[in-house]
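*Asks:* A predicted structure for the sequence below; I have some questions about it.
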Amino acid sequence: MGEFDMETGQYKSINYDNIDWAKDTIQGLLDTWGSHEAVYAIEPVNEPWWSSDLDVLKQFYRDVRQMIHSQYPDIKFVFHDAFHFDPNTWNDLFEDDDHENVVMDTHQYFAWGG
């Protein structure tokens with residue numbers, strides 16, 4: 001995502017060229033495979049780490065979802081929660097009435113007691 005400062009736990013800078021490259025890659029996938037009957041869903045990034053800049057990540061998700069939805073509205077947009085398990089973290093990702101074909105990928109597990 002950019003240059004990370006381990007001492008402060010924050011990004012010093014964001015590498016927007018890499019983010020644009022990722023969006024271009026998604027566009028290439030849509031151009032090549034978007035209309036293929038086997039394409040059901042696209043997850044633009046798997047397991048972004050917990051220290052990701054959430055504002056940047058959310059904007060990336062919004063941009064990619066718009067890209068997918070505008071061209072292939074039936075393709076499911078899947079996003080990973082970046083290991084932020086509190087649902088309130090994601091309440092502002094999309095408008096309340098704008099969540100069709102959106103799926104959250106979470107790797108949270110629950111320990112079931114016996």
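*Replies:* Cool, got the structure.
*Asks:* Could you give the average pLDDT over stretch 49-60?
*Replies:* Predicted confidence along stretch 49-60 averages 94 (mean pLDDT).
*Asks:* start to end distance for it?
*Replies:* One end of stretch 49-60 to the other measures 14 Å (CA to CA, to the nearest Å).
*Asks:* Stretch 91-100 too?
*Replies:* Counting by CA to CA, you get 14 Å between the two ends of stretch 91-100.
*Asks:* Now it: buried residues?
*Replies:* Across stretch 91-100, burial judged by 16 or more other CB atoms under 10 Å covers L93, F94. Placement of C-beta: from N, CA and C, glycine included.
*Asks:* Run through the strands of the chain in chain order.
*Replies:* 2-5, 10-14, 41-42, 76-80, 102-105 (DSSP state E).
*Asks:* Identify, out of the ones you listed, the most deeply packed stretch.
*Replies:* Counting by mean count of other CB atoms under 10 Å, strand 76-80 has the highest mean neighbour count of the strands of the chain, with a mean of 20.
*Asks:* what about stretch 76-95, start to end distance?
*Replies:* Terminal residues of stretch 76-95 are spaced 17 Å apart (CA to CA).
*Asks:* Averaged pLDDT, that stretch. What do you get?
*Replies:* Mean predicted confidence for stretch 76-95 is 93.
*Asks:* roughly how far out does that stretch sit from the chain middle?
*Replies:* Stretch 76-95 has its C-alpha centroid displaced from the chain centroid by 8 Å (CA atoms, centre = their mean, to the nearest Å).
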